[in-house]
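Undergrad: Need a 3D model of the sequence below.
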Amino acid sequence: MLAMVNSMVAAIIYLLLISITLLSILRVSPIVVIKKIGEMLKTSDFANESKKMLRFFEKAKESMLLKKFNDSAEEKNQKLS
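TA: As a prediction, the model looks like this:
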């Protein structure tokens, strides 16, 4: 039967079956496991860091726009001179 799928698919199926077996032996609800994984991935540090990065990129964008504006104004002044 395993000849019908490649080794990667078979490994995924085995891991799924092992995890289901472990959950039933340990009497742990799959919902609890999913929530715990979600809590580990979702941290407040990540949210704070992303807000800081957003502010940084907004300031960088603003400074780039000001630089472009100043450069174009200098070019106009040089053409008028």
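Undergrad: Okay, and residue 22 sits in which element?
TA: Following DSSP states H and E, the helix or strand that holds residue 22 is helix 7-26.
Undergrad: hmm, who's touching that helix?
TA: For helix 7-26, the surrounding residues in contact (C-beta atoms under 8 Å, 6 or more residues apart in numbering) are 2, 5, 29, 30, 33. For glycine as for every other residue, the C-beta is placed from the backbone atoms N, C-alpha and C.
Undergrad: for that helix, the distance to its chain's centre please.
TA: With C-alpha atoms, centre = their mean, to the nearest Å as the basis, the distance from the averaged C-alpha position of helix 7-26 to the chain average is 26 Å.
Undergrad: Whichever helix or strand comes after that helix relative to helix 7-26, how many degrees between them?
TA: In the C-terminal direction, the helix or strand that comes right after helix 7-26 (DSSP H and E) is helix 30-41. Between helix 30-41 and helix 7-26, the angle comes out at 110 degrees (axes from the mean of the first three to the mean of the last three C-alpha atoms, to 10 degrees).
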